[in-house]
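Q: Let's see this in three dimensions:
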Amino acid sequence: MAEEYEEYDARVPILMYHAVAADPNDATRVLSVTPEAFAEQMAAIADRGSTPIGTAELAAAWRSGRPLPKRPVLITFDDGYEGVHRHALPALAKHGFPATLFVTTGWLRGPYDTGGALDTMLDWDQVRELAAGGVEIGGHSHTHPQLDQLGEQRLRFELIHCKEIVADQLGSVPASFAYPYGYSDRRVRRAVRETGYAQALAVGNGLARRAQGPYALRRVTVRRSTGPDEFARLVEGRAIARTFARDRTLTKGYAVLRRTRQVRGRVSGAGA
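A: Numbering: from 1, shown residues only. Below is the predicted model:
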């Protein structure tokens, strides 16, 4: 039976999706996939014999030392676009795949809508249907800010308000979190842990490993330009560094700029 399980410190691909839409707007187009592409990607996962699992399941296994299923993969969605219900849910259900949806509570249609959404979003009835269909619902903040640029009070508000809204609407407290834009630092990760989330996902465009810790698990980006060959490499964990070489260069440069802004902001605040 050993061949049915993955090694304890496996490198796991966590796929990060956003919108699933035939005709997204300009703001979400690059990070969207067509419904046809998504269905083909789910079929490719099934054909390969991979085993999709949830975010909470992965983190719990790594905490306890339990083995993972053979060829594990995670399917995750950020923000809460309406196409996740309209297009992704039927494709997931066809194969019996679990997934995780990280919702920006202030972007969803309904009583908490702040008006900041980039495209057509889910409403809470649709979120409940996704949860009933085997999709883990996690938090993604309330208004989708860059959390590491916030002061402590606003940071805690974004984390706690998001968690409270999800709990109120679904009747269960979200265990998982995904950082908006993938940005976090030690202070943000500590706040996520202290506000009750058990694990959190970044981006990083690399494979997740137990050694990253439960609050900095990496994901790989699936976008409109991701073709079948590249998708196969992502799921198989091949040539990840080469695939995202340009993204990493841009990310490193922007990280330096953002750290400079943080330091300037703290200095300005101290002198006020």
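Q: just the strands in the stretch 151-272 of the chain please.
A: 176-178, 199-204, 217-221 (DSSP state E, counting those that start in this stretch).
Q: closest one to Lys94 among these?
A: Lys94 lies closest, by C-beta to C-beta, to one member of those: strand 217-221, at 22.9 Å. From N, CA and C alone the C-beta is placed, and that goes for glycine too.
Q: What mean pLDDT does that closest one get?
A: Mean per-residue pLDDT for strand 217-221: 97.
Q: ranking the strands of the stretch 151-272 of the chain by burial, who's on top?
A: strand 176-178 (a mean of 28; mean count of other C-beta atoms under 10 Å).
Q: For it, enumerate the helices and strands it packs against.
A: Packing partners of strand 176-178 (3 or more C-beta pairs under 8 Å, 6 or more residues apart in numbering; DSSP states H and E): helix 55-64, strand 99-103, strand 135-139, strand 199-204.
Q: State the number of residues packed around Arg48.
A: Residues near Arg48, counting by other C-beta atoms under 10 Å, number 13.
Q: And the pLDDT for the residue nearest to Gly134 when sequence neighbours are not counted?
A: Using C-beta to C-beta, 6 or more residues apart in numbering and skipping residues adjacent in sequence, the residue nearest Gly134 is Pro98, 4.9 Å away. In this model, Pro98 is scored at 98, pLDDT.
Q: related to what we said a few turns ago, any chance of a markdown table for the strands of the stretch 151-272 of the chain, columns distance to Arg246?
A: Listed next are the strands of the stretch 151-272 of the chain as a markdown table, based on distance: least, C-beta to C-beta, whole Å:
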| stretch | distance to Arg246 |
| --- | --- |
| strand 176-178 | 23 |
| strand 199-204 | 14 |
| strand 217-221 | 12 |
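Q: Of those, which is nearest Ala10?
A: strand 217-221 (12.5 Å).
Q: Could you say which helix or strand holds Ala91?
A: helix 89-95 (DSSP states H and E).
Q: same for that helix, what does it pack against?
A: When contacts are defined as 3+ C-beta pairs under 8 Å, 6+ apart, helix 89-95 packs onto helix 35-48.
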